[in-house]
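*Asks:* Give me a 3D structure for the following:
(2 chains)
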Amino acid sequence: MRFTVAHPLKPATTIWPPADTMRQWLIGLLGCCAISTFATPHEHAPPVVLAPGYEDLQFDPPTAGSYQLPAMGDAADGPILDTSGQPGRLYEYLGDKATVLSFIFTTCNDVNGCPLATYVMSGVQKAVLQDPELAGQVRLVSFSFDPEKDTPAVLGRYGDQFRAEGFDWKFLTTTSEETLRPTLDAYDQWVIRDYDEAGNYLGTMSHILRVYLIDRDRRIRNIYSTSYLHADTVVNDLRTLLLQ
Amino acid sequence: MIRIFIAVLGLLVTAVSPLTQADETCMSPYMAKIVGQEDYVYIWTLGMEGVGDGEDKLVTVDVNPDSKTYGEVVHSLSVGGRNEAHHSGLTDDRRYLWASGLDTSKIFIFDIYTNPAQPKLHREIDDFVAKTGGIVGPHTNYALPGRMLITGLSNNRDHGGRTGMAEYTNDGDFITSVWMPTDDNLQGAVKSGNYADGYGYDARALPRRNVLVTSSFTGWNNYMMNLGKMMGDPEAMKRFGNTVVIWDLHARTPKKILDVPGAPLELRCAWGSRSNYCFTTTALTSKIWLIYEDDAGEWHSKPVADIGDASKIPLPVDISISADDNHLWVNTWNDGLVRLFDISDPHAPEQVFEKRIGEQINMVSQSWDGERVYFTSSLLANWDKSESGDESDVQYFKLYNWDGATLTPEFSLDFVEMGLGSPHQMRFGAHALYGSAPAKAGHDDMAAR
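*Replies:* I've put the predicted structure just below:
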């Protein structure tokens, strides 16, 4: 299966093949996918157009604390399973720290989708680890869209690839699609699951990538999507939140 | 499996092949994009007294040539009065269509995903002025991630042109508002020329440059005035916007105010990854202006082309940029012409084509591949012509096919004859955006996935 990227914009960066470091990263991110991510040259695959979040930030972000992040409503609660299979509530992971929440699924094969979210959150992790003022005040949460495939064990292995030792990055799933749906609805996170004509789930889905910045009052303070998701801007917003 | 013919920025499409590109080219870069044939055009239509029920309405036209109802109005949803229906816009996930009224400042949010053939009213915002601290005349409804940016045209203190912008969640909850910079309060922006008028109109984002661009028109006192009366009032004619503002998109703070005299209206930014520029046209001086960033990161404005003979007041209205950034359609309301400019050199556009579409042509939308070009006619209730000079229809929706050299008419709908009203902004819809296909027997039901 050939990897393609649906992108209406002309390439911000056309990387084919990606630079070694990026390639390593992407292979790591996509390694669990049952696809041949990078086509061999004879397949004449289209070039991968990488989202801006994979590049250096192309502008100087506004000074942290110099701007407002008006609340966009309350972050929702919902049932979860942690990577040990222990049931709980999402609210247990919101409120005590500034939190970056993304919805992902581990078999996602769109480099500008879930892998981008995980790549950016890894960048946030790195920046937080290097900043004493942020250390201990930030949590990352990756929440699976796909409870069927992303069991606690699968998600645990996935998370182990990206979480720095001791860092507060949680990987959460749920018991079923029915259990998950109210949470997705509350976050306005719309998903189209792909079925065959017999109604069998094909294991693929489409969704708008959204990453949420949530403050210590459990309010949503920013939403990022593919065009604007970048570790530097997220970290800038985290600093802004913590300065308020 | 139903094949999904949708390409989306930020919408993850798995197991999709082939990927072709399509859809209107003037939308928010944050928004999902259609790739392939659009199924519907949603036309936000201004009610006309004595025409049908006289109410503003969202009119849905089937534009899929494979459909049995191709070229027909398949749905019309009236909203209970006239609001000076004008612009509309889709949320980033394209599930909702926001349509606003310049007179009443109401915003109608339509659900277009439950059944794309039959939009339904999801929510009505009737406290826009109060919530925003006095902004009047919601105009552009522009998708940002998980929210909508709404530009205003006026204010509730003097109904002049000073105004602001507001943000709402996709569900319609107010988030915040900001006023345009003025001489009295530049808000930290640099006034680079003679004007800091605080007027507003359109908005477009260049996310990779962290830039938001806004243009400027006129206030409620003018846009609700009879056109002839206004044109004869020298004082009223002074009250038009002369500015484009460059904003810090992330912080929503104004950075630089550029002079663009003569009421710069629609803004269209280039799609190219290294194309740091946008176009606008000035209604009163009939020019194309380039808004561009230089190599040092500074933003500038300059006129780059004339649109017809300015002394004859062609009155440029809507514009549409091609997906490859090489061409710009420009409609001129007064002479009924559409012109095509070659903008491959953005600093020196050249007109390469023109054709008369019809009386008071106004809005233009093109498919992403540029092969289908749609036009509507209405400008403003008190500015529109009631009679045609040489044609039967003064309020129309028309589709033309573009082959790179010729615009060939495909179909035309007379909105007065059909009892609908004055058609204004067009937005595209497609079943495939929502994982469904049109029903084979028509458009009343969505097919199973």
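*Asks:* Tell me where the chain has helices.
*Replies:* All of this refers to chain A. Using DSSP state H, the helices found in chain A span residues A:20-30, A:114-129, A:152-160, A:177-186, A:231-243.
*Asks:* that answer is for a different chain, and I need it for chain B
*Replies:* B:128-131, B:220-223, B:227-231, B:234-238.
*Asks:* picking up where we left off before, TSV for the helices of chain A, including distance to residue B:189 and mean pLDDT?
*Replies:* In short, each C-beta sits where N, CA and C put it, glycine included. Shown next, in TSV, are the helices of chain A (distance: least, CB to CB, whole Å; pLDDT from 0 to 100):
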stretch	distance to residue B:189	mean pLDDT
helix A:20-30	37	46
helix A:114-129	30	95
helix A:152-160	45	96
helix A:177-186	38	95
helix A:231-243	20	96
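*Asks:* will you turn these into TSV that also has mean neighbour count?
*Replies:* Output for the helices of chain A, formatted as TSV (neighbours: other CB atoms under 10 Å in any protein chain shown):
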stretch	mean neighbour count
helix A:20-30	16
helix A:114-129	22
helix A:152-160	18
helix A:177-186	16
helix A:231-243	21
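*Asks:* thinking again about what came up before, highest mean neighbour count out of the helices of chain B?
*Replies:* Comparing the helices of chain B by mean neighbour count (mean count of other CB atoms under 10 Å in any protein chain shown), helix B:220-223 comes out on top with a mean of 22.
*Asks:* I would like the residues contacting that one, please.
*Replies:* B:84, B:102-103, B:136-137, B:153-154, B:158-161, B:217, B:230, B:236, B:239-240, B:380, B:382-383 (CB atoms under 8 Å, 6 or more residues apart in numbering or on different chains).
*Asks:* Reformat the helices of chain A into JSON lines and put distance to residue B:69 next to each item.
*Replies:* Formatted as JSON lines, the helices of chain A follow (distance: least, CB to CB, whole Å):
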{"stretch": "helix A:20-30", "distance to residue B:69": "43"}
{"stretch": "helix A:114-129", "distance to residue B:69": "39"}
{"stretch": "helix A:152-160", "distance to residue B:69": "47"}
{"stretch": "helix A:177-186", "distance to residue B:69": "32"}
{"stretch": "helix A:231-243", "distance to residue B:69": "46"}
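*Asks:* what's the neighbour count on the closest residue to residue B:99 other than its chain neighbours?
*Replies:* Excluding its sequence neighbours, the residue lying closest to residue B:99 (CB to CB, 6 or more residues apart in numbering or on different chains) is residue B:88, at 3.9 Å. Neighbour count of residue B:88, defined by other CB atoms under 10 Å in any protein chain shown: 22.
*Asks:* Which stretch among the helices of chain A approaches residue B:34 most closely?
*Replies:* Nearest of those to residue B:34, taken as CB to CB: helix A:114-129 at 22.1 Å.
*Asks:* so how far is the closest one off the chain centroid?
*Replies:* Relative to its parent chain, helix A:114-129 has a centroid offset of 8 Å by CA atoms, centre = their mean, to the nearest Å.
*Asks:* Which other helices and strands does it contact?
*Replies:* helix A:20-30, strand A:98-104, strand A:138-144, strand A:211-214, helix A:231-243 (3 or more CB pairs under 8 Å, 6 or more residues apart in numbering or on different chains; DSSP states H and E).
*Asks:* any chance of the ones you listed in JSON lines, plus distance to residue B:421?
*Replies:* Converted to JSON lines, those look like this (distance: least, CB to CB, whole Å):
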{"stretch": "helix A:20-30", "distance to residue B:421": "51"}
{"stretch": "strand A:98-104", "distance to residue B:421": "42"}
{"stretch": "strand A:138-144", "distance to residue B:421": "46"}
{"stretch": "strand A:211-214", "distance to residue B:421": "41"}
{"stretch": "helix A:231-243", "distance to residue B:421": "44"}
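*Asks:* Which pLDDT does the model give the residue in the stretch 301-449 of chain B that chain A sits nearest to?
*Replies:* Residue nearest to chain A within the stretch 301-449 of chain B (CB to the nearest CB): residue B:435, separated by 3.7 Å. Among the per-residue scores, residue B:435 holds a pLDDT of 74.
*Asks:* Please apply the same query to residue B:328.
*Replies:* 98.
*Asks:* Residue ranges in the chain under the pLDDT threshold?
*Replies:* Let's take chain A. Within chain A, the segments meeting pLDDT under 70 span A:1-48.
*Asks:* Chain B is the one I meant
*Replies:* For chain B (pLDDT under 70), the answer is B:1-32, B:35, B:388-392, B:436-449.
*Asks:* will you turn the helices of chain B into JSON lines that also has distance to residue B:79?
*Replies:* JSON lines is the format used below for those (distance: least, CB to CB, whole Å):
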{"stretch": "helix B:128-131", "distance to residue B:79": "15"}
{"stretch": "helix B:220-223", "distance to residue B:79": "20"}
{"stretch": "helix B:227-231", "distance to residue B:79": "25"}
{"stretch": "helix B:234-238", "distance to residue B:79": "30"}
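*Asks:* Of all those, which one is nearest residue A:83?
*Replies:* Here helix B:128-131 is closest among the helices of chain B (CB to CB), at 42.7 Å.
*Asks:* which residues sit against the closest one?
*Replies:* B:105-107, B:125, B:135-136, B:138, B:150, B:156, B:166, B:174, B:177.
*Asks:* With stretch B:289-296 instead?
*Replies:* Contact with stretch B:289-296 is made by B:209, B:211, B:213, B:244, B:246, B:258, B:260, B:264, B:267, B:276-282, B:299-304, B:346-347, as judged by CB under 8 Å, 6+ apart.
*Asks:* Filter those down to the buried ones.
*Replies:* B:209, B:211, B:213, B:244, B:246, B:258, B:260, B:264, B:267, B:276-282, B:299, B:301, B:304, B:346 (16 or more other CB atoms under 10 Å in any protein chain shown).
*Asks:* which of those come close to chain A?
*Replies:* residue B:209 (CB under 8 Å from any CB of the partner chain).
*Asks:* can you tell me which of the buried ones among the contacts of stretch B:289-296 are in strands?
*Replies:* B:211, B:213, B:244, B:246, B:258, B:264, B:267, B:277-282, B:299, B:301, B:304 (DSSP state E).
*Asks:* Could you identify the most distant pair in the residues you listed?
*Replies:* Going by CB to CB, the pair spanning these furthest: B:211 and B:282, at 20.5 Å.
*Asks:* Would you list the buried entries among the contacts of helix B:128-131?
*Replies:* For the contacts of helix B:128-131, buried by 16+ other CB under 10 Å: B:105-107, B:125, B:135-136, B:138, B:150, B:166, B:174, B:177.
*Asks:* what two of the residues you listed are the furthest from one another?
*Replies:* Pairwise over the buried ones among the contacts of helix B:128-131, using CB to CB, the maximum falls at B:106 and B:177, 16.5 Å.
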